[in-house]
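Chemist: Take this sequence and fold it.
(one chain, ligands or ions: 1)
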Amino acid sequence: MSWAEELSACGARVEAVLERWLPPSGRKPCRLHEAMRYAALGGGKRVRPALVYFTGRALGVAPERLDGPAAAVELIHAYSLVHDDLPAMDDDDLRRGRPTCHRAFDEATAILAGDALQVLAFEILADDPAMTPATAGRLEIIRLLARAAGTAGMAGGQAIDLEAAGQVPSVAELEHMHRLKTGALIHASVLMAAASADTLPPGAAAGLDHYGRALGLAFQVQDDILDVEGETAVLGKRAHADAALDKPNYPAVAGLEAAKKRLRELHDEAVGALAPLGEAAAPLRWLSGWLTERRH
Ligand code: GRG
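Modeler: This is a model prediction of the structure:
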């Protein structure tokens, strides 16, 4: 299989895991369960689960032990998109090429669906029998995801993002916000897989930590570039949304060419950090290239 095929296999795998954990839509309260399934299933690139599986593969961890972390990080991501699209935040109508959750259902249901997706993530990490058997490893994985989703990560970054509307931050301030809002969950995807390994090769922990950080920022810089250069039909979400909301993004603050240069630097940094893992890190090198060249 090519790496691109491996990436789609990761997407199919996490879809099946999510299907198993999500409450059936026929179970009461049906509308809430339907909204949760609408938000979490059948869409998205599944980048964060792929990072979990690809990192685990580089470390020789069996995929069954990674299903819990892969599904959990995707549920946190899905919840963040549902809440981010709400009228109180970005007020978007389109997500993954279809109506946003609050448009397909209603605002109250979308808020509850986001809440329930978030806690389901932690229920999986606490309960999944296939995960790393050591209690310490499981707790570390829960801690990593909680920190990445909280005020020192995604929720904190989102708060800074909302406060930044109408302002012009420095490049350093913008990068800080991006590292929290988007980077933290991508970083955590790599770290959760590393925490699932029984042992790590020398230098692997620091190398993967560095890779996850660099790739997390790179992902958001590319998202900013796509917001400026992309088209709504290809992105599956509204293009030029940052300008419409008067939100600063990388091309607006540093210029488009500087944003592209920074993206290349971050890709090189991410790939360079994988040196201690040698050939085993080939899928992670490929994924960094794919993510920084993606068009949607
Ligand atoms: C509501 C607490 C809270 C946080 C929201 C991540 C986030 C914070 C908001 C999403 C807004 C956004 C579009 C951020 C840009 C980066 C990003 C996360 C893009 C979407 O991720 P993809 O491209 O989406 O992985 P798919 O649909 O492929 O899963």
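
Chemist: what does the stretch 51-200 of the chain have sitting close to the ligand?
Modeler: 80, 81, 83, 84, 96, 154, 155, 158, 181, 182 (C-beta under 6 Å from any ligand atom). (Each C-beta comes from the backbone N, C-alpha and C, glycine too.)

Chemist: Please list all residues in contact with the residue nearest to residue 225 when sequence neighbours are not counted.
Modeler: Nearest residue to residue 225, sequence neighbours excluded (C-beta to C-beta, 6 or more residues apart in numbering): residue 259, at 5.4 Å. By C-beta atoms under 8 Å, 6 or more residues apart in numbering, the contact set of residue 259 is 221, 224, 225, 250, 251.

Chemist: Check residue 51 too.
Modeler: Residues near residue 51 by C-beta under 8 Å, 6+ apart: 186, 189, 190, 193, 212, 215, 284, 287.

Chemist: In which helix or strand does the first one reside?
Modeler: When elements are defined using DSSP states H and E, residue 186 is found to belong to helix 184-195.

Chemist: Who are the packing partners of the next helix or strand after that helix?
Modeler: Counting by DSSP H and E, the next helix or strand C-terminal to helix 184-195 is helix 204-229. Here helix 204-229 touches helix 47-58, helix 171-178, helix 184-195, helix 241-244, helix 250-254, helix 256-273, helix 282-293, going by 3 or more C-beta pairs under 8 Å, 6 or more residues apart in numbering; DSSP states H and E.

Chemist: sorry, back to before: just give me the closest of the contacts of residue 259 to the ligand.
Modeler: The ligand has its nearest neighbour among the contacts of residue 259 in residue 224, at 8.2 Å by C-beta to the nearest ligand atom.

Chemist: Can you get me a residue count around that closest one?
Modeler: For residue 224, the count of nearby residues is 26 (other C-beta atoms under 10 Å).

Chemist: What lies in contact with the lowest-mean-pLDDT helix or strand in the chain?
Modeler: When the helices and strands of the chain are compared on mean pLDDT, DSSP states H and E, helix 232-235 comes out lowest with a mean of 75. Helix 232-235 is contacted by residues 94, 226, 238, 239, 295, 296 when judged by C-beta under 8 Å, 6+ apart.

Chemist: Return the subset of these lying in helices.
Modeler: With helices taken from DSSP state H, the overlap with the contacts of helix 232-235 comprises residue 226.

Chemist: check contacts around the closest residue to residue 213 other than its chain neighbours.
Modeler: In space, residue 213 comes closest to residue 187 once its chain neighbours are excluded; the distance is 5.4 Å by C-beta to C-beta, 6+ apart. Taking C-beta under 8 Å, 6+ apart as the contact definition, residue 187 lies against 148, 209, 212, 213, 215, 216.
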